[in-house]
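K.L.:
Give the three-dimensional model of this entry:
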Amino acid sequence: FASALGVTPARKVINFEPDLRTEIIQKAVNNDGKDMAVVIYARGELEKNIKIKDSIIKLSAEDKSADFRYEVSLPHAFDRPGLHSAEIVLMELPKEFGTNQEATISAIGSVVSDFYVRVPFPDKYAEAKAIIETSSIEKPVRFVILASNYGNQKIVKAKARIEVLG
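P.N.:
Numbering: from 1, shown residues only. So this is what the prediction gives:
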């Protein structure tokens, strides 16, 4: 499935700062090169913390993309650490939108960009991801461990142990 409408980046993550006010800029992408009107809105847990600047944007057939902005206002604190999320939804409006024609029912395409606020865990907290790279039976297998510290204390030293069984 390919939509005429796209959004970039597909995911935006910011680190929590108490009472942070910031503006985020993303792009609506006109994949099919056609005239369209797009409504933009937020939904989800952080919906009340997001204010869309221009909730309707118009793209002409010549426009490859158009910027849209939203303001994020974070609280002084969250009740739990970890990821808090919202979705930024872009929905193509029917061609009849704004023409004062009779109401119609239409199927419309929409895309979603994920928005996350990462609230640090108390003390030390790490999450790891293992990546196993193989190329051929004659070459060695490469193991890569990506570790991210999501705690509010610095992790000075970490170890990973990999056991290959069989």
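
K.L.:
can we go C-alpha only for contacts and neighbour counts from here?
P.N.:
Noted.

K.L.:
can you list the residues that contact stretch 150-159?
P.N.:
82, 119-127, 149 (Cα atoms under 8 Å, 6 or more residues apart in numbering).

K.L.:
Work out for me the element the most far-flung residue of the chain relative to its centre sits within.
P.N.:
Centroid-distance maximum for the chain: E138 at 39.8 Å, with Cα atoms, centre = their mean. Using DSSP states H and E, E138 sits in no helix or strand.

K.L.:
Check the gap between it and V164 for me.
P.N.:
17 Å (Cα to Cα, to the nearest Å).

K.L.:
give me the beta-bridge partners of I131?
P.N.:
Beta-bridge partners recorded for I131 (DSSP bridges): V144.

K.L.:
Neighbours of it, how many?
P.N.:
As a burial measure, I131 scores 11 neighbours (other Cα atoms under 10 Å).

K.L.:
Tell me which stretches of this protein form strands.
P.N.:
For the chain, the strands defined by DSSP state E occupy 5-8, 11-15, 21-30, 36-43, 50-52, 56-59, 65-73, 82-92, 110-119, 126-133, 142-149.

K.L.:
contacting residues for the closest residue in space to D67 that isn't next to it in sequence?
P.N.:
Distance criterion Cα to Cα, 6 or more residues apart in numbering; nearest residue to D67, sequence neighbours excluded, is K27 at 4.4 Å. Residues in contact with K27 (Cα under 8 Å, 6+ apart) are 7-9, 65-68.

K.L.:
ok, now with 6 Å
P.N.:
Taking Cα atoms under 6 Å, 6 or more residues apart in numbering as the contact definition, K27 lies against 7-8, 66-67.

K.L.:
and stretch 150-157, how far from the chain's centre?
P.N.:
Put simply, stretch 150-157 sits 25 Å off its chain's centre (Cα atoms, centre = their mean, to the nearest Å).
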